[in-house]
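In: coords please:
(chains A and B)
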Amino acid sequence: MRSVRTLAVAALLLLPAYHVASAGEPKQGGILKVYHRDSPASASIHEEATYSVNIPFMPVFNNLVIYKQDVPQNSMESIVPDLAESWAWSGDKKKLTFKLRQGVKWHDGKPFTSADVKCTFDMLMGKSQQKFRKNPRKSWYDEVVDVTTSGDFEASFNLKRPQPALLALLASGYTPVYPCHVSPGDMRTKPTGTGPFKFVEFKANESIKLTRNPDYWKKGLPHLDGMEFTIITNRSTAILGFISGQFDMTFPTEVSIPLLKDVKKQSPNAVCVVEPINVSTNIIVNSSSPPFDSLDIRRAMALAIDRKAFISILFEGQADIGGTMLPAPGGLWAMPKEMLETIPGYGPDINANREEARKLMQKAGFGPDKRLAVKVATRNIPIYRDPAIILIDQLKSIYIDGELDVVETANWFSKVARKDYALGLNLTGNAVDDPDQSFYENYSCGSERNYTNYCNKDIEKLFGEQSQETDVAKRKKIVWEIDKKLQEDVARPIIYHGRSGSCWQPYVKGITIMVNSSYNGYRYEDVWLDK
Amino acid sequence: MFAYIVRRLALMFVTLIGISIIIFVLLRVVPGNIVDILFDAAGFVDPADKANLEKELGLSDPIVVQYFRWIGGLLHGDLGYSYVSEKPALQEILPRIPITARLAGLALLFSAAIGIPLGVISAVHQGTRLDYALRIVSLSGLSLPSFWLGLLILMASVSMFGTMPIFNPNPKTWTEAIAIYAVPAMAVGFRSAALTMRITRSSMLEILRQDFIRTARAKGASENSVNYRHALKNAILPVITVIGIEAAFLIGGLIVTETVFNIPGIARFLVEALRWRDYPIVQNLVMLIAVVVVFANFTVDLLYAAIDPRIRYGD
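Out: You can find the predicted model right below:
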């Protein structure tokens, strides 16, 4: 008892010291060295759809608004002004007006004005003379009629109907403001922004270098002199580089759970976190042709999935089970657990689920003597291949004999678009934890990324309903209803939501890993090195 | 001899033309092009955007037009533009050549410097413990994949020295500068050294049984003189042939080694370019490798005549 008391007193005495040590004054200087997992296709965030581009290039830019970089959970409450000083919705919620910051300069010295905002979003909506080579998030602005300006420092988004989620989309790392006077081609190779770091060079397959912007409009920031990303495609080499201290940080959210254990063992002082990445692993089913045009077979397949087994094998238990929306506590919009467990296949009794699945298969004409042979297509990348193998194994229990059909990346989406598959295993990443992005992109009739061509007009109406709802509690209920229906319809059965690790050396301060998106937290202006 | 060289050069030209056609056609036969891959990153393929981009990159032109555009450019020193980086292909390829050349040169040097003397020692001490030990070393060299060996070296380096020799364009110390190239060169050259050693050994064993060796010994020549001046000189031809072939095949080992040691050379660049179907880079790089291989073979043939006076290339 006495020793416990002594320990408590010692702890109380140490607490202020620890507080001072952990919250020390940021130091200026130093280059943050990070390894990069691959060579991005270009430096233009608007033209790419991978966080391989966001991580090195988000520090070059500013958005109109941004998710607060030191708050791990992205939400409407964590959105703060960036190039906009403030924003306001009109009374009918169909106009969103931004008052813009004055005195901001592009890295080439030209002034930032509302014309740049208009240019950027006109290009994203496909309304300008200059075109992006690719425009993967054009559909984000489907409800925007146009962007108008009033003077040099005010820009408004005029909408077809209320869409509160537009602000969330604008706060994403995917939505920087581009300069009018720089062509899309130049933005791909030598981007110009207003952000805390200036672009220095991008050597494909080698490195990306950024340097401090001394004229950054946030005085005193950034703390770092620069950032260097060394492109190392071999994961073992990259991890060894971090362990040997040649890098200050791993590529964010790229360390798998087994590798993380290895890092902690060999580099015990490293700070490592595991967080959800808002990427779901799911099954895509070609319901337009036999045998999966039968709802019974699709339901049987959904019932056969043992999600816990996937998570236990691939993530040592550290991943989440959910519907389309990212599960809590990271996710904001997931349906409650008790509601989730009422969906066929999500109940805890796997044997009972599979028994029911076998009955459905027998009803469809299959059984132990007449098994269904099917190819399970997936991309030839471990994060796709590994779960596909487990899926094939699990489907055996319901008379489905799967054969792995690995497809090279170059041919994957063409194959999916042609519907040249029966069953596939796919990964779906969500840049913003908001139903508008997820539902419209993946389940809306006619959407390019709706790979299974799932189209349900009743659900479509609910998409619109939730999108316009300004009351968050009411919106959540509609979202849960939609999500439940999507799972029951076996639109794109979700197997799990993955988690991944990030590590940095103990002297790296100010890093925040977001818990409901792996696309929005890389401004790095607050990061500093305590060396 | 002159006529022989001219004939070989003409044949080399025809060979290279043939290779260029094969490279060009094979690349286009492989499913998927750069546009598919660029859109893959976006998660969907928009047919209109795709068609625009294909037109912009000249991929919608007939294959014959594309081929002659490439060859025409080559003849004018214009290698085209990389589809990915949008920079001139020459600008992308040139800085990488010295890196790979240095690495390949060091690997071959390592292979010859280790393989030949050890092969001689092994042959001279045939049947002894030393011979068996060296044969085990050579067998392990042939069986260890270079990527595995590379990773082992990196792990050992981190574990023992707390650092590892991954590429740094501006090394701070001379030891770092040496380690950057020498360690990967050893990893990739170990296999070649093992092969060179085995060939040297078997070739030496054959020569050491010849009458002229017995004569040299009878004349009172020292063991070193017999082994190196008389035997090795006559046993070296097959070794040169093997080193020549190894030089051609080295690129395969370099791809892995450059990846493991993160060296920005042409071998790794080639694989990345192939992954992206970056045709201008791939076809020019493969063409460059073909030129190197063809010239390496030509040089080896000429070396035969220089080393062995009995070989004459008739007109």
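In: how about the residues of the stretch 51-200 of chain B by chain A?
Out: By CB under 8 Å from any CB of the partner chain, the residues of the stretch 51-200 of chain B that approach chain A are B:53, B:56, B:82, B:84-87, B:92, B:151, B:154-155, B:157-158, B:162-164, B:166. C-betas here are computed from N, CA, C, even on glycine.
In: one more pass at 7 Å, please.
Out: Residues of the stretch 51-200 of chain B found near chain A (CB under 7 Å from any CB of the partner chain) are B:53, B:84-86, B:151, B:154-155, B:158, B:162-164, B:166.
In: around chain B, which positions in chain A sit nearby?
Out: Taking CB under 7 Å from any CB as the contact definition, chain A meets chain B at A:39, A:41, A:48-50, A:133-134, A:136, A:185, A:188-189, A:204-206, A:232-234, A:236-237, A:240-241, A:243-244, A:246, A:408-414, A:417, A:448-449.
In: out of those, which are inside strands?
Out: Assignment to strands by DSSP state E places none of the residues of chain A next to chain B there.
In: from the chain's centroid, how far away is the helix or strand encompassing residue A:278?
Out: Element membership of residue A:278, judged by DSSP states H and E, is strand A:271-285. On the basis of CA atoms, centre = their mean, to the nearest Å, strand A:271-285 sits 9 Å off its chain's mean C-alpha point.
In: tell me the strands beside that strand, with direction?
Out: strand A:423-429 (antiparallel), strand A:494-504 (antiparallel) (DSSP bridges).
In: going on from the longest one, what's the next piece of helix or strand?
Out: Sequence order places strand A:508-509 as the next helix or strand after strand A:494-504, per DSSP H and E.
In: low-confidence ranges in the chain?
Out: Since you didn't name a chain, this refers to chain A. A:1-23 (pLDDT under 70).
In: nope, chain B
Out: Scanning chain B for pLDDT under 70 picks out the ranges B:41-45, B:313-315.
In: ok, and for stretch B:93-102, which residues are buried?
Out: Buried residues in stretch B:93-102, counted by 16 or more other CB atoms under 10 Å in any protein chain shown: B:93, B:96, B:99-100.
In: residues contacting that stretch, please?
Out: B:181, B:254, B:263-267, B:269, B:281, B:284-285 (CB atoms under 7 Å, 6 or more residues apart in numbering or on different chains).
In: now those residues in TSV, with neighbour count and secondary structure?
Out: What follows is the contacts of stretch B:93-102, written out as TSV (neighbours: other CB atoms under 10 Å in any protein chain shown; DSSP: H, G, I helix; E, B strand; the rest coil):
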residue	neighbour count	secondary structure
B:181	20	helix
B:254	24	helix
B:263	24	coil
B:264	20	coil
B:265	27	coil
B:266	28	helix
B:267	25	helix
B:269	26	helix
B:281	27	helix
B:284	23	helix
B:285	25	helix
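In: got a markdown table for those, with distance to residue A:290 too?
Out: Formatted as a markdown table, these follow (distance: CB to CB, whole Å):
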| residue | distance to residue A:290 |
| --- | --- |
| B:181 | 59 |
| B:254 | 49 |
| B:263 | 51 |
| B:264 | 50 |
| B:265 | 51 |
| B:266 | 49 |
| B:267 | 47 |
| B:269 | 46 |
| B:281 | 44 |
| B:284 | 47 |
| B:285 | 46 |
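In: and which of the residues you listed is nearest to residue B:70?
Out: Residue B:70 has its nearest neighbour among those in residue B:284, at 8.3 Å by CB to CB.
In: ok so, going back, of the residues of chain A next to chain B, buried ones?
Out: Buried among those (16+ other CB under 10 Å): A:39, A:41, A:48-50, A:133-134, A:136, A:188-189, A:204-206, A:232-234, A:236-237, A:240-241, A:243-244, A:246, A:408-414, A:448-449.
In: quick one: which of those residues sit in helices?
Out: A:188-189, A:236-237, A:240-241, A:243, A:409-414 (DSSP state H).
In: farthest-apart pair in those residues, please.
Out: A:243 and A:414 (39.4 Å).
In: can you name the residues that contact whichever residue of chain A sits closest to chain B?
Out: Residue of chain A nearest chain B, by CB to the nearest CB: residue A:410 (3.0 Å). Applying CB under 7 Å, 6+ apart, we find residue A:410 in contact with B:31-32, B:36-37, B:40, B:277.
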